[in-house]
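A.B. asks: pasting the sequence and the predicted model now:
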2 protein chains.
Amino acid sequence: MNRRSVPKATLGRLPLYLHYLKTLPDEYCATISAAAIARGLSLGEVQVRKDLSAVSGAGKPKIGYERAELIAAIELCLGYNKVTNAVLIGAGKLGRALLDYEGFEDFGVKVIAGFDCDENVWQASKASKPVLPISDLKAYCDENDVKIGIITVGKASAQQVCDTLVTCGITAIWNFAPCALDVPPTVLFKQENLALSLAHLNNQLS
Amino acid sequence: MNRRSVPKATLGRLPLYLHYLKTLPDEYCATISAAAIARGLSLGEVQVRKDLSAVSGAGKPKIGYERAELIAAIELCLGYNKVTNAVLIGAGKLGRALLDYEGFEDFGVKVIAGFDCDENVWQASKASKPVLPISDLKAYCDENDVKIGIITVGKASAQQVCDTLVTCGITAIWNFAPCALDVPPTVLFKQENLALSLAHLNNQLS
């Protein structure tokens, strides 16, 4: 399976399927159809078929999916077999909120520490995640095999932070600063736009 | 034009087009082609054509778009003709970060106040937005014609806050609490999942 092929919307529903499959009573038969999953979760059957086929191929006609196999395929796709470590730079309000956000681990990612250049914020978060001086970043990333860097500083220092993360061997960057960044082509880059969901809602208000 | 028909990805690019069109030198001719806009912004021409046609219909063959008309159509679509007021409930770290987030106004939305039940947080945000007792919510929404409610409280109180917002006449809700909510069919509802972008990035790391 090519993991790159899973669409974001599908990915968002995978924890839902996983939870449903895992909480079915054990006496439930070992196979389950896409139609039954769709009914159980009040989703459209076409959508469920499409989602599951992106993860695990098609079910068998008249039988459906082997429940245990499907659980394993979803877990593999969500990265449960290997948790990816992430750090964030910028321990302001947004940074600290993300540091303690519950829900990342549902997707196989662990935000393990925050970094900041301001020594006044070098104190552990509410959930006891460390916030460290930015000068420790390189050593920390090497020691903890950190793959993802989250940028939660302001516009003015975002590019500099981004360059530092690249130097530290980060392979994917998630940027909350409202500005475009230059990133080498070898590094995955995702621009977050918090305003966009709100804009979409507003647009629908007509 | 039916505003509901504008896809979210298109919406996200509209501020970019708007900025480009507005900053073209005045001596630039009064019409501009989709191809020229695509070159100017390093976007694909097919995408630009699709985006603009969702907002303003097709350009004229060999002429393109009237620049002034296109600017007006984009501004209408983004809601610049009428700013929508929003409030948020829950002035914790995430709430306060959103209250001061720059960028919502690019999309015709103004987050004008925060509300909380904890009197210890009833102090204005860094950007001087008021944080008020939740008991003032109804009167405030009536006075300020508030249409959108943003939920940034924890799971445990999200449904109760949602019900209160509905009672206050809110017509759209944007929920950051990581849980499903019961909302009447007359109220627009958008569930935010902060983890999902990170999950998608992680999935692509393969």
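C.D. replies: Okay, I see it. Numbers count the residues shown, from 1 in each chain, chains lettered A, B, ... in the order given.
A.B. asks: hang on, residue A:174 in a strand?
C.D. replies: Yes. Counting by DSSP: H, G, I helix; E, B strand; the rest coil, residue A:174 is located in a strand.
A.B. asks: residues in contact with residue A:126?
C.D. replies: Counting by CB atoms under 8 Å, 6 or more residues apart in numbering or on different chains, residue A:126 makes contact with A:96, A:100. All C-beta atoms are positioned from the backbone trio N, CA, C, and that covers glycine.
A.B. asks: next up, identify which helix or strand it is on.
C.D. replies: Under DSSP states H and E, no helix or strand contains residue A:126.
A.B. asks: over to the one 3 residues further on?
C.D. replies: Per DSSP H and E: residue A:129 is located in neither a helix nor a strand.
A.B. asks: spit out the contact partners of it.
C.D. replies: A:99-100, A:111-114.
A.B. asks: equivalent analysis for residue A:113, please.
C.D. replies: Residues near residue A:113 by CB under 8 Å, 6+ apart: A:87-88, A:129-132, A:140, A:144.
A.B. asks: most distant residue from the centre of chain A?
C.D. replies: Relative to the C-alpha centroid of chain A, counting by CA atoms, centre = their mean, residue A:62 is the outermost residue, at 34.2 Å.
A.B. asks: confirm that one sits in a strand?
C.D. replies: No. Under the criterion used here (three-state DSSP), residue A:62 is coil, not part of a strand.
A.B. asks: can you show me the helices along chain A?
C.D. replies: For chain A, helices defined by DSSP state H occupy the ranges A:8-23, A:34-41, A:45-56, A:67-77, A:93-99, A:137-144, A:155-167, A:194-204.
A.B. asks: those into JSON lines, with extra columns for mean neighbour count?
C.D. replies: Shown next, in JSON lines, are the helices of chain A (neighbours: other CB atoms under 10 Å in any protein chain shown):
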{"stretch": "helix A:8-23", "mean neighbour count": "16"}
{"stretch": "helix A:34-41", "mean neighbour count": "17"}
{"stretch": "helix A:45-56", "mean neighbour count": "18"}
{"stretch": "helix A:67-77", "mean neighbour count": "17"}
{"stretch": "helix A:93-99", "mean neighbour count": "24"}
{"stretch": "helix A:137-144", "mean neighbour count": "15"}
{"stretch": "helix A:155-167", "mean neighbour count": "17"}
{"stretch": "helix A:194-204", "mean neighbour count": "21"}
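A.B. asks: let me have those helices in a markdown table, extended by mean pLDDT.
C.D. replies: Listed next are these as a markdown table, based on pLDDT from 0 to 100:
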| stretch | mean pLDDT |
| --- | --- |
| helix A:8-23 | 85 |
| helix A:34-41 | 90 |
| helix A:45-56 | 92 |
| helix A:67-77 | 90 |
| helix A:93-99 | 90 |
| helix A:137-144 | 96 |
| helix A:155-167 | 95 |
| helix A:194-204 | 79 |
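A.B. asks: save those as TSV, and put in distance to residue B:57 too.
C.D. replies: Output for the helices of chain A, formatted as TSV (distance: least, CB to CB, whole Å):
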stretch	distance to residue B:57
helix A:8-23	29
helix A:34-41	38
helix A:45-56	32
helix A:67-77	41
helix A:93-99	39
helix A:137-144	50
helix A:155-167	35
helix A:194-204	17
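A.B. asks: what number of residues are in the vicinity of residue A:33?
C.D. replies: By other CB atoms under 10 Å in any protein chain shown, 18 other residues sit near residue A:33.
A.B. asks: isn't it up against residue A:64?
C.D. replies: Yes. If you go by CB atoms under 8 Å, residue A:33 and residue A:64 touch, sitting 3.4 Å apart.
A.B. asks: residues contacting the nearest residue to residue A:172 once chain neighbours are set aside?
C.D. replies: Leaving aside its sequence neighbours, residue A:172 sits nearest to residue A:188 (CB to CB, 6 or more residues apart in numbering or on different chains; 4.0 Å). Shown in contact with residue A:188 (CB under 8 Å, 6+ apart): A:171-173, B:201, B:204-205.
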